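Participant: A predicted structure for the sequence below; I have some questions about it.
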Amino acid sequence: MNSSATINQAQNKRVWALLLLLFPALLWLTILYLGSLFGLLWQSAYRLDDFSGQIVKQVGLHTILQLFTGANFDIVLRTTTMAITVTIAAAILALPLAYTMVFHAGKRQRAILYVAILAPMWFSYLVKVYGWRVLLSREGLIYWVLDKVGLAIPLDTLLHSFPAIGGASLAASFLGMFLVFLYMWLPFMVLPIVAALERVPQNMLNASADLGATPWQTFRKVTLPLTWPGIIAGGIFTFSLTLGDYIIPQVVGAPGYFIGMMVYTQQGTVGNLPLAAAFSLVPIILIMLYLSMAKRLGAFDAL
Amino acid sequence: MQAAIEFIGVEKRFGNTVALQNVDFVVNKGEFFAMLGPSGSGKTTCLRLIAGFDFPTAGSIKLEGQDISALPPFVRPVNTVFQDYALFPHMSVLENVAYGLMIAKEDKTSRERKAQELLDMVRLGAMAKRRPSELSGGQRQRVALARALAKQPKILLLDEPLGALDLKLREAMQAELKQLHKELGLTFILVTHDQGEALSMADRIAVFSEGHIEQIDTPQQLYNRPKTGFVARFVGSANVLSSSLFSSNNNEIAIRPEYIKLGKKIPARHVGIPVTVLTTLYQGAYTRVECRVNDTTHLAAHIASTDATLSNLTAGNALHAYWLAEHMVNLT
C-alpha cells in the first residue's frame, strides 16, 4: 500500500466519524425539525372544501389569501400589535433593571436580583396565568388597592372610554392581557440584555468618560449601541412568544382571537389544517421582518 | 518650570490593600515622564488617579496648580491611550477620533475635518471609513493615539501603549512617539513595565515598587546612579554586592556587568574579588560570564565577545573579577 492511499483512508475514516457524530443532530434538524415545519407550511397551500369539509389537495393561494379577509386579518393585526407593544415595554423595563444588575449591584444584590427574575420561571405557567386573572379581576387585589386610594373609578372610566385597550374590567381588557404578557416574558428580555451589558468592556466606558462624555452620554453613545444585539435577542423571545401564545388570550383579556388560539382551534375542533398552517406562517414571516428591520437599523453593527 | 501634575502625599487603598502610599512627585510641563515598575507596583493606579477613573483615599493631585483629586474623568483636560486601545467597535475610525469633539458639541464638518487631519498625521488617512475591527494592532494603536489627541489635552496619558505590539513595531512606535512628543510639546505620561521603553523615550523616569516611588531621575542617572538595590536590578542588569567582600566597609554596592573585567590579578587602581567561573553565555555582541563569589553571592560580567581572554575561560577557572571604583554605586 502506498502512502497517499493510507492518507486517503485516514481522511475517509475521519469523514465517517464526523458524519456519525453529526448524524443524530442532522437527522433531528433536517427531517424531524425542518421537514415537519415545511410539511406543516405545505398544508397552507391546500384548502378546505366548505361544503364537504374535506381537505382539497390542490396547490394554490386560496388559504393564504384568506388571512387577509376581515376577521382573520383582524386577528393578525391584534396579535402583532400586542407583540410589538409587549416587546417595547419589556425592553424599556428590562434595560434599567439589567443596567443596575451589571453596573451597580454588589455581588449579593446581583444574586438576589437574578433569583427574583428567574424564580417565576420555575412555577407552572398555568398557575401564573390563572393567578393573574384573579389578581386583575374586579374582586382581586389590584382593584382592592386602587379602591383604597380612590383610583378604581378613574381606571374603569379609562377602560370604558378606550375600547382598544379597555373592557369590562382589567381581567377582561387588553390592558390586563398586556400586563400578563409583560410579566410572563420579562425574564426573556432581561437575561440577554444582562449578557450583552456584561460584555461591554469597562475600558470602553472609561474611554468615553476620558473623552468628556457624562455617564448619560456614555450610556447613549456607547453602552446602548453595544447592547442592541442583546435587546434584539430578547425581543425575538418576547415577540415570538406573544405571537404564538394561545393560553393567555383565552384566560385573561377582552374577547377576540389571537394567532396562537386560531392555530389551536383550526387544527383541532374545526379540522381546517390548511388555515391553521397559514396562520402559523404569520409569526415566521413577522420574525423575519423584525430581524431584517433590526439589521437595517444597525442593531448588529457592534457584533 | 511650571508643574503639569503634582502628587502630594497621595494614598490609594482598595479595601484593605494599599495600592499607593505617600506618593509625591511633580511632572513638569512639556515633559515626557515615565512611570516604570513591575505589575502591582502602583504605576497604573497613579495613571488612573490622573485620568479620574479612581480617586485617592488621601492626599491631593494638582493639575497646573488646580486640585483635581475629586473631579470626575469627563471634566479633566487629560486624555488616555488605553492598553487595549478601547476603540468603539460600532463606530468608524473617523467617528472614533471625532468622538471627543462630538461630545463637546463641535459641528460635524469641523470635527470630521479635524479627525481627518489627525488620521493623516498618524498616516491612517485612508482608513477613515473602516471599522476598528478591520485594522491591524499597530493601526488601532495609532487610531487610539489620534483619538486621545483630538481634544488637545493638557496631558496625554499612555497606558502600556506598546505592550500588545510585536518587537519591530514596538521599536518603530517608540521613535514615533518620541518624535510626536517633540513636535506637539505636550506633557506625556507613560506607564510601562518595560525598562527599555522607559529609558529610550522618557525625559525622566519614576521607578515604582510596592506602592511607592523608589527613585525619580533621568534615564542616564537611573542607569548609572541607581539609589536602591531594587532600581539597580530593575533598570538594566546589575550585580548587587556587599562591600565587605573587598573593603572594611559593610554596605551594599551595585556594579553593572559591563564594567566588570576578569583576570588572574587585580590591576592597580581597581577593586576586585576572587571568583570561580560557572558558565559562559554567548549573547552576540558580548558574552555573559556567570561567576560564583561565595555560597550566597553570584556575579555576572559582560565581556565583549571580541575580547581575547574569553577563549581561555572555562567553568571552574579561579580568577579575579575587578572594576574601577568610580563605576560602582553605593546603595541606600
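Facilitator: Sure, I can see it. Numbers count the residues shown, from 1 in each chain, chains lettered A, B, ... in the order given.

Participant: all contacts plus neighbour counts: C-alpha atoms, from now on.
Facilitator: OK.

Participant: which element is residue A:40 on?
Facilitator: Per DSSP states H and E, residue A:40 falls inside helix A:36-43.

Participant: and that helix, C-alpha only, in CSV?
Facilitator: Coordinates of the C-alpha atoms in helix A:36-43 are reproduced here as CSV (Å, rounded to 0.1, in the frame of the first residue of the first chain):
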residue,chain,number,x,y,z
SER,A,36,-42.1,18.7,9.6
LEU,A,37,-42.0,22.5,9.5
PHE,A,38,-42.1,22.5,5.8
GLY,A,39,-44.7,19.7,5.9
LEU,A,40,-46.9,21.9,8.0
LEU,A,41,-46.4,25.0,5.9
TRP,A,42,-47.1,23.0,2.8
GLN,A,43,-50.5,22.4,4.2
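
Participant: Please report how far whichever residue of the stretch 201-332 of chain B sits closest to chain A lies from residue B:22.
Facilitator: Minimum separation of the stretch 201-332 of chain B from chain A (CA to the nearest CA) falls at residue B:211, amounting to 22.6 Å. The gap separating residue B:211 from residue B:22 is 9 Å, by CA to CA, to the nearest Å.

Participant: Which one's more surrounded, those two?
Facilitator: For the pair residue B:211 and residue B:22, the greater number of neighbours falls to residue B:211 (21 against 16), based on other CA atoms under 10 Å in any protein chain shown.

Participant: List the residues that contact whichever residue of chain B sits closest to chain A.
Facilitator: Per CA to the nearest CA, residue B:74 is where chain B lies closest to chain A, at 3.9 Å. Residues near residue B:74 by CA atoms under 8 Å, 6 or more residues apart in numbering or on different chains: A:209-214.

Participant: let's see it at 10 Å
Facilitator: Residue B:74 is in contact with A:206-215, B:51-53, B:100, counting by CA atoms under 10 Å, 6 or more residues apart in numbering or on different chains.

Participant: mind pulling up the phi and psi values for it?
Facilitator: Dihedral pair for residue B:74: phi -70, psi -10, per degrees, to the nearest 10.

Participant: Number of residues surrounding the residue of chain A found nearest chain B?
Facilitator: Nearest residue of chain A to chain B (CA to the nearest CA) works out as residue A:212 at 3.9 Å. Look at residue A:212: counted by other CA under 10 Å, it has 26 neighbours.

Participant: Which residues of the stretch 151-300 of chain A lie near chain B?
Facilitator: A:201-215, A:217-218, A:221-222, A:225-226, A:298-300 (CA under 10 Å from any CA of the partner chain).

Participant: ok, of the residues you listed, which come out buried?
Facilitator: A:203-214, A:218, A:221-222, A:225-226, A:299-300 (16 or more other CA atoms under 10 Å in any protein chain shown).

Participant: what's the overlap in contacts for residue B:211 and residue B:22?
Facilitator: With CA under 10 Å, 6+ apart as the test, residue B:211 and residue B:22 both reach B:11-12.

Participant: residues contacting residue A:177?
Facilitator: With CA under 10 Å, 6+ apart, residue A:177 has these contacts: A:82, A:86, A:129, A:132-133, A:136, A:165, A:170-171, A:183, A:248-254.

Participant: before we move on, could you check phi and psi at residue B:209?
Facilitator: Dihedral angles (degrees, to the nearest 10) for residue B:209: phi -150, psi 130.

Participant: can you give me the strands for the stretch 1-150 of chain A?
Facilitator: Here the stretch 1-150 of chain A has its strands, by DSSP state E, counting those that start in this stretch, at A:47-48, A:55-56.

Participant: Indicate which one of the ones you listed is closest to residue B:266.
Facilitator: Nearest to residue B:266, of all those, is strand A:47-48, at 110.2 Å by CA to CA.

Participant: Tell me the strands beside the closest one, with direction?
Facilitator: strand A:55-56 (antiparallel) (DSSP bridges).

Participant: Might you report the residue contacts of the spatially closest residue to residue A:60 that is not a sequence neighbour?
Facilitator: Spatially, and ignoring its direct neighbours in sequence, residue A:60 is nearest to residue A:45 (5.2 Å; CA to CA, 6 or more residues apart in numbering or on different chains). By CA under 10 Å, 6+ apart, residue A:45 lies in contact with A:56-64, A:274-275, A:277-278.

Participant: Unless I misread the structure, residue B:12 falls within a strand.
Facilitator: Yes - assessed by DSSP: H, G, I helix; E, B strand; the rest coil, residue B:12 belongs to a strand.

Participant: what's across from it in the sheet?
Facilitator: Under the criterion used (DSSP bridges), residue B:12 bridges to residue B:20.

Participant: follow-up on the earlier one: mark which of the contacts of residue A:45 are buried, thanks.
Facilitator: Among the contacts of residue A:45, those classed as buried by 16+ other CA under 10 Å are A:62-64, A:274-275, A:277-278.

Participant: In this structure residue B:34 contacts residue B:196, no?
Facilitator: No - assessed by CA atoms under 10 Å, residue B:34 is found out of contact with residue B:196, at 11.2 Å.

Participant: Can you pull the residues that touch both of those two?
Facilitator: residue B:219.

Participant: Mind checking which of the two has more residues around it?
Facilitator: The neighbour comparison of residue B:34 against residue B:196 (other CA under 10 Å) goes to residue B:34, with 30 against 14.

Participant: pLDDT averaged over the helix holding residue A:40, what's the number?
Facilitator: Per-residue pLDDT over helix A:36-43 has a mean of 84.

Participant: secondary structure class for residue B:158?
Facilitator: strand.

Participant: Enumerate the beta-bridge partners assigned to it.
Facilitator: residue B:81, residue B:190.

Participant: Report the rounded mean pLDDT for the longest helix anywhere in chain B.
Facilitator: Criterion DSSP state H: the longest helix present in chain B is helix B:167-184. Mean pLDDT, helix B:167-184: 90.

Participant: Perfect, that will be all.
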